[in-house]
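Engineer: Return a 3D structure for these sequence lines:
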Amino acid sequence: MRILSGFLLSLCLLSGSGFAQTKPCTVSDYLEYTKKIKEFTTESFFSTELVDHLPVSTCVPPPDAFLHHIIGAPDILDYTKDINAYFRLLASKSPRVKVWSIGTSEEGREMLVVAVSDEANLAKLDRYKEITARLADPRGTSDAEAQKLVAEGKPMYWADGSIHSPETGAPEMLMELAYRLAVEDTP
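Structural biologist: The predicted model follows:
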């Protein structure tokens, strides 16, 4: 089993409503992938109705279309370059995904930040980062101004994957999470 050593992968998730696609896409249940999820999940309590299936989109390729296996398949770990390539594929196929390189690890592996949100939020990402920075250091910000910033801003959820060398599941799971957020509209 390959180990992804020294790999840092960050997934920045912005909350938002109305994840709209620029072109009409259809999403349905991906029965073959769902069957594999159930097969490879060793105990039912490891899963919930939120992740016991996978949607399939007519616009955005699911992980197995690129990797040739489902996420979490036994005895398979993906290389950093393949994980990064899948995130870039998501960004090229979905207006809900943006990818930035943030440098390389001490072992020379590229590190990414992946933002997943609706198009309107991604278009205003710099403004939301500014609001977050101002609220994080409120010196010089009045209470009234802070309240306006809170009302305008969006919460950002940060999920890191595999910041320690033996942590191999997180970067795998983050590919599927990004895909799910890019294609699904369910609550």
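
Engineer: contacts, neighbours, all on C-alpha from now
Structural biologist: Will do.

Engineer: How is the protein partitioned into domains?
Structural biologist: 27-117+154-182, 120-153 (the TED database).

Engineer: what distance separates the first one from the centre of its chain?
Structural biologist: In this case it means domain 27-117+154-182. 7 Å (Cα atoms, centre = their mean, to the nearest Å).

Engineer: And for the last one?
Structural biologist: For domain 120-153, the distance from its own C-alpha centre to the chain's C-alpha centre is 23 Å (Cα atoms, centre = their mean).

Engineer: Now the terminal residues of that domain, how far apart.
Structural biologist: This stretch, domain 120-153, spans 13 Å end to end (Cα to Cα, to the nearest Å).

Engineer: Average pLDDT for that domain, rounded please.
Structural biologist: The average pLDDT within domain 120-153 is 94.

Engineer: quick one: buried residues of that domain?
Structural biologist: By neighbour count on 16 or more other Cα atoms under 10 Å, the buried set for domain 120-153 is Asn121, Leu122, Leu125, Tyr128, Ile131, Thr132, Leu135, Ala146, Leu149, Gly153.

Engineer: how about stretch 85-98: buried residues?
Structural biologist: Buried-residue list, stretch 85-98, by 16+ other Cα under 10 Å: Tyr86, Phe87, Arg88, Leu89, Leu90, Ala91, Ser94, Pro95, Arg96, Val97, Lys98.

Engineer: and the gap between Arg139 and Glu107?
Structural biologist: From Arg139 to Glu107 the distance is 39 Å (Cα to Cα).

Engineer: which residue packs closest to Leu112, ignoring adjacent ones?
Structural biologist: In this structure, Leu112 finds its nearest non-sequential neighbour in Ser101, 4.6 Å apart by Cα to Cα, 6 or more residues apart in numbering.

Engineer: then the helix or strand hosting that neighbour to CSV, C-alphas only?
Structural biologist: Element membership for Ser101 (DSSP states H and E) is strand 97-104. Extracted in CSV, the C-alpha atoms of strand 97-104 (Å, rounded to 0.1, in the frame of the first residue of the first chain):
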residue,chain,number,x,y,z
VAL,A,97,-15.0,24.7,-8.1
LYS,A,98,-11.8,26.7,-8.1
VAL,A,99,-8.2,25.5,-7.6
TRP,A,100,-5.1,27.3,-6.5
SER,A,101,-1.6,25.9,-6.1
ILE,A,102,0.0,27.1,-2.8
GLY,A,103,3.4,25.7,-3.3
THR,A,104,5.1,22.4,-2.7
